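S.K.: Just a sequence and a predicted model for now, questions to come.
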Amino acid sequence: MKVIYIAETSLTNKSAYSHHVIKMCDAFTKLEHEVTLITSKKNLNFIFKKLKKDFALKGKKSFKILSFTKFNSENFFTRILFGIQTSIFIKNNKADLILSRSIITSFILTLFKIHHFLEIHSEFKSLTKFIMINLNFIKSNYIIKKILISKALNRVFNFNKNEILILHDGVDIHNFKKSKIRNNIKNATYIGSFYKGRGLEIILELAKKFKKIKFNLYGDSKNTFQTNLKNIKVFDYKPYRKIPLILSKSDLLLMPYANNVSVRSNNLNTADYCSPLKMFDYLASGKIIISSKLDGICEVLKHKKNSLIVKKYNITNWVDIFQKVIKNKYPLKKIQKNAFLTSRNYTWEKRALKIFEASKEYEQN
């Protein structure tokens, strides 16, 4: 089968968006389908072998990558142009399955009467919200299903059950080896961005109180986050291929999200419905995960089963959990084992397969 995947991103940036797109395309190829990825931004000096290495891709085949627009900047005009170019290409190059991560392109696909899946990871803002919600294009019959990143996200949209697929992010379990289960806690690791709401202030307070624990933070440039605490080390961004090894050397994995979580668009709060991509890497590593209690996250993480959930976002609650972990007050071995097993339910291949199943069901009806 021929698959076309549409995304408004560059494959050379460090965002979770690009990571998700690349891994999904790889998953489709592992299911032995011919995949074409259409991106809105030119991928200058792009080498697929480097992409395969950096993201530890396991597909035997590479996927085709097309970039239509010649603009480096992204605005409403260039997004419209990208959508038109993509729709014309698809009209001339038929595909069995079309999946869009671009809201604007999805809108234009409906005008071209092209059936497709629309993947949504956050609520709509500004003009996009007006077009898709107020003008009701989101209900178009040409959108086969809306794919949402969590059940909690549907509280924003309130779609009918038959309109949606709930598919959390995924993980390539082949990138991870089964780790030894350890009770002796020596270090804690955070991987991700340093945006507002990611809990760095909690980590700082924990480091002050637990000076024998080493805290390793991997994220943005070192210049964006600095501290004089000797038990905190801040590392710059690492390519994904290095992440499994980093996690394997960790004892505790941290997700201290606040009740207001920013993404690259600073006016967008994803706290209520986020389903962090790193959560599935954390699970696959088979380590102890300590996370804030957020609705989207708790659809996957369960307290004292495959993780430890901190009910309130304050240092008192986090310290309490930390102390209990260090003193082995929880069934740590069981939690680690269940984390590893949980990751098996969230592979990229299973995610891609569910989309194919929905596509076949649609064709039969």
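M.R.: Good, I have the coordinates.
S.K.: From residue 131, how far out is the residue most central in space within the chain?
M.R.: Most central in the chain under Cα atoms, centre = their mean is residue 277, positioned 3.2 Å from the mean C-alpha point. Per Cβ to Cβ, to the nearest Å, residue 277 is found 27 Å from residue 131. Any C-beta I mention is one placed from the backbone N, CA and C, and that applies to glycine too.
S.K.: And for residue 172?
M.R.: 35 Å.
S.K.: who has more neighbours, these two?
M.R.: Comparing residue 172 with residue 131 by other Cβ atoms under 10 Å, the one with more neighbours is residue 172, at 24 against 17.
S.K.: correct me, but that one touches residue 23?
M.R.: Yes. At 6.6 Å, residue 172 counts as touching residue 23 under the criterion of Cβ atoms under 8 Å.
S.K.: Now for the two: what residues contact both?
M.R.: Listed as contacting both residue 172 and residue 23 by Cβ atoms under 8 Å, 6 or more residues apart in numbering are residue 348.
S.K.: still on that earlier bit, can I assume the residue nearest to the centre of the chain is in contact with residue 16?
M.R.: Yes. Residue 277 is within contact range of residue 16, at 4.7 Å (criterion: Cβ under 8 Å).
S.K.: quick revisit: how about the residue nearest to the centre of the chain, phi and psi?
M.R.: Main-chain torsions, residue 277, degrees, to the nearest 10: phi -60, psi -40.
S.K.: Where does residue 188 sit: helix, strand or coil?
M.R.: strand (DSSP: H, G, I helix; E, B strand; the rest coil).
S.K.: Run through the bridge partners of it.
M.R.: With DSSP bridges as the criterion, residue 188 is bridged to residue 215, residue 252.
S.K.: And for residue 164?
M.R.: For residue 164, the beta-bridge partners are residue 146 (DSSP bridges).
S.K.: My guess is it contacts residue 144. True?
M.R.: No. With contact defined as Cβ under 8 Å, residue 164 does not reach residue 144; the gap is 10.7 Å.
S.K.: Neighbour count for these two, which is higher?
M.R.: Between residue 164 and residue 144, counting by other Cβ under 10 Å, residue 144 is the more crowded of the two (22 against 19).
S.K.: Surely residue 36 touches residue 6?
M.R.: No. Residue 36 lies out of contact with residue 6 (Cβ under 8 Å); the separation is 9.5 Å.
S.K.: what's the nearest residue to residue 255 if we skip its chain neighbours?
M.R.: residue 291 (3.9 Å; Cβ to Cβ, 6 or more residues apart in numbering).
S.K.: Which strands border the helix or strand hosting the one you found, and is each parallel or antiparallel?
M.R.: Assigned by DSSP states H and E, residue 291 belongs to strand 288-292. For strand 288-292, the paired strands and their directions (DSSP bridges) are strand 252-255 (parallel), strand 308-310 (parallel).
S.K.: Going by neighbour count, list what's buried in the last one.
M.R.: By neighbour count with 16 or more other Cβ atoms under 10 Å, strand 308-310 contains the buried residues 308, 309, 310.
S.K.: Could you tell me how many residues sit around the residue nearest to residue 255?
M.R.: 24.
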